[in-house]
Each structure stands twice: as C-alpha cells, then as structure tokens.
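Visitor: Would you be able to build a 3D model of this:
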Amino acid sequence: MIDLAQNGENGNVALKDIAARQQISKKYLEIIVRDLVKGGMLEGISGKGGGYRLCRKPEDYTIFEIIEIMEGTLAPVACLEDNARACPLAPGCHTLPLWKEYYQLTHDFFSGKRLSDLIK
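Guide: Residues are numbered from 1 along each chain as shown. Okay, here's the model as predicted:
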C-alpha cells in the first residue's frame, strides 16, 4: 500500500516493480494484492500498461482498515468482534472491561493513522 501510494501517481504499478523495490517475492505479493483487491482497497488492471493502483487517495485509508483486511479482526476476544452473539457471561465477566478498553485504544490508535502519514 505504501509503495503504491508513493509510486502510483502516474498510473498503474506492476507487481514485479513493487516486488523488486520492497524485496518481496512476486508470488507472495500476488496473495497480498488479491486480498486487498477483494477488500476494495486496490484495483487491478490486466494487459499492457496494467498493474495495480489505490482505489482512493492515501489520506482516505486508515491503517486500521488495512490491517483488518489483511489480518482479520483486531478484537482481542470473540465477544467484541463485529456481529458477535451476545455472550451470556458478559454481565459477570471480570475481564471484559479490560478487553474493551484495550480494543478501544487499539482501534483509536490505528484509526487515527492514515496511509498518507506513512509516506510523509
């Protein structure tokens, strides 16, 4: 994402170029890019002049959303995940407030950081 933000101003960026600059295997990069395209973060164009580009401006991406696309939920316990079923133990759970606070801190930290912050 950082490489595309830095190098995609003039159009699509080829995976082989990203792989070379970032010293990442092109095969591994294909897996990463597939998830980012599926998550609506990138657009891929096939053929001559093809490659990948960001769907939005770098300042419109939060680090939180990028991490969740790539890693899944950052919720530290299942009962805090989006659309989690109500936990019958929640009212008496002694650790739930701790996990809620931790998750809120994590969410706020990564939501407050933008892709554009990483390229400045």
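Visitor: residue ranges with poor pLDDT in the chain?
Guide: Counting by pLDDT under 70, the chain contains no low-confidence range.
Visitor: Could I get the full set of strands for it?
Guide: Counting by DSSP state E, the chain has strands at residues 42-45, 51-54.
Visitor: tell me the most buried of the ones you listed?
Guide: Each of the strands of the chain was assessed for mean neighbour count using mean count of other CB atoms under 10 Å. The highest is strand 51-54, with a mean of 20. All C-beta atoms are positioned from the backbone trio N, CA, C, and that covers glycine.
Visitor: Show me what it is packed up against.
Guide: Strand 51-54 makes packing contacts with helix 2-7, helix 15-22, strand 42-45 when contacts are defined by 3 or more CB pairs under 8 Å, 6 or more residues apart in numbering; DSSP states H and E.
Visitor: Out of the ones you listed, the one nearest Y103 is which?
Guide: helix 2-7 (25.4 Å; CB to CB).
Visitor: sorry, back to before: with distance to L29 as added columns, please give the strands of the chain in JSON lines.
Guide: Formatted as JSON lines, those follow (distance: least, CB to CB, whole Å):
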{"stretch": "strand 42-45", "distance to L29": "12"}
{"stretch": "strand 51-54", "distance to L29": "10"}
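Visitor: Can you tell me which residue is spatially central in this protein?
Guide: Residue closest to the average C-alpha location in the chain (CA atoms, centre = their mean): I66, at 1.2 Å.
Visitor: wait, what's in contact with that one?
Guide: Under the criterion of CB atoms under 8 Å, 6 or more residues apart in numbering, the contact partners of I66 comprise M1, M41, L115.
Visitor: Mind giving me the packing neighbours of the longest helix seen in the chain?
Guide: If each helix of the chain is counted by residues according to DSSP state H, the longest one is helix 96-111. Other elements packing on helix 96-111 under the criterion 3+ CB pairs under 8 Å, 6+ apart are helix 63-71.
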